[in-house]
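# just coords:
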Ligand SMILES: [Zn+2]
Ligand SMILES: [Zn+2]
């Protein structure tokens, strides 16, 4: 059962293959790339952010329209929030097999630092694999270097390795076979 990454047109096209290859390495499953078939919804003008839960409903439409049977991850540039949080890097809904991440806060430029393509690709792969991990039934991990650790800050995200810890890897093996 392959993973599909759907890319919003605002995300630089050059990220597609590097991120897909990194996610394949982290999760050990094939990944294919597709174009987003719909505009991103859920904009809240008073926050200048997008409601990740509303976007996930749009992802489910894209998933059904594309006939994807495996899990689907949408990658956008729009800054995301969910009720009760200032922001989220991403969100997953295991019941529908849909997830979304944003590159907004994965980009050095958000923090006033020089742009770095490899940083952005690494972070998008870690956060994308994290949300996909939820779609495969994985929960948050207490190992700070594991992809399933929930980072509160960019520094915590950068501390994670490009890999699952042995426990999460074992659980993933059970869920994906
Ligand atoms: Zn999570
Ligand atoms: Zn873990």
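Arrived safely. Here the structure is a predicted model, which means the values were calculated and not measured. Numbers count the residues shown, from 1 in each chain. Ligands and ions are numbered 1, 2, ... in the order given.
# Return the residues in contact with the residue most central in space within the chain.
Closest residue to the average C-alpha location of the chain: residue 128 at 2.7 Å, with C-alpha atoms, centre = their mean. When contacts are counted by C-beta atoms under 8 Å, 6 or more residues apart in numbering, residue 128 touches 5, 19, 23, 73, 75, 90, 99, 101. C-beta: built from backbone N, CA, C; applies to glycine.
# I'd like those residues as a markdown table, with secondary structure appended.
What follows is the contacts of residue 128, written out as a markdown table (DSSP: H, G, I helix; E, B strand; the rest coil):
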| residue | secondary structure |
| --- | --- |
| 5 | strand |
| 19 | helix |
| 23 | helix |
| 73 | strand |
| 75 | strand |
| 90 | strand |
| 99 | strand |
| 101 | strand |
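# Show the model's pLDDT score for the residue nearest to the centre of the chain.
You'll see residue 128 listed with a pLDDT of 98.
# Mind telling me what element it is part of?
Using DSSP states H and E, residue 128 sits within helix 117-135.
# What residues of stretch 32-52 count as buried?
By neighbour count on 16 or more other C-beta atoms under 10 Å, the buried set for stretch 32-52 is 34, 36, 40, 42, 49-52.
# How about residues contacting it?
2-9, 16-17, 20, 53-55, 57-58, 61-62, 65-66, 74, 76, 78-82, 87-88, 90-91, 100, 102.
# In PyMOL, select just the buried ones from the residues you listed.
In PyMOL syntax, the buried subset of these is picked out as below (16+ other C-beta under 10 Å):
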select buried, resi 3+4+5+6+7+8+16+20+53+54+55+58+62+74+76+78+79+80+81+82+88+90+91+100+102
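# Show me the contacts of stretch 32-52 that map onto helices.
Judged by DSSP state H, those include 16-17, 20, 53-55, 57-58, 61-62, 65-66 as members of helices.
# Can you add pLDDT and distance to ligand 2 and give those back as JSON lines?
Converted to JSON lines, the ones in helices among the contacts of stretch 32-52 look like this (pLDDT from 0 to 100; distance: C-beta to the ion, whole Å):
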{"residue": "16", "pLDDT": "97", "distance to ligand 2": "27"}
{"residue": "17", "pLDDT": "98", "distance to ligand 2": "26"}
{"residue": "20", "pLDDT": "98", "distance to ligand 2": "22"}
{"residue": "53", "pLDDT": "96", "distance to ligand 2": "25"}
{"residue": "54", "pLDDT": "96", "distance to ligand 2": "29"}
{"residue": "55", "pLDDT": "96", "distance to ligand 2": "26"}
{"residue": "57", "pLDDT": "95", "distance to ligand 2": "29"}
{"residue": "58", "pLDDT": "94", "distance to ligand 2": "30"}
{"residue": "61", "pLDDT": "93", "distance to ligand 2": "32"}
{"residue": "62", "pLDDT": "92", "distance to ligand 2": "29"}
{"residue": "65", "pLDDT": "90", "distance to ligand 2": "33"}
{"residue": "66", "pLDDT": "87", "distance to ligand 2": "30"}
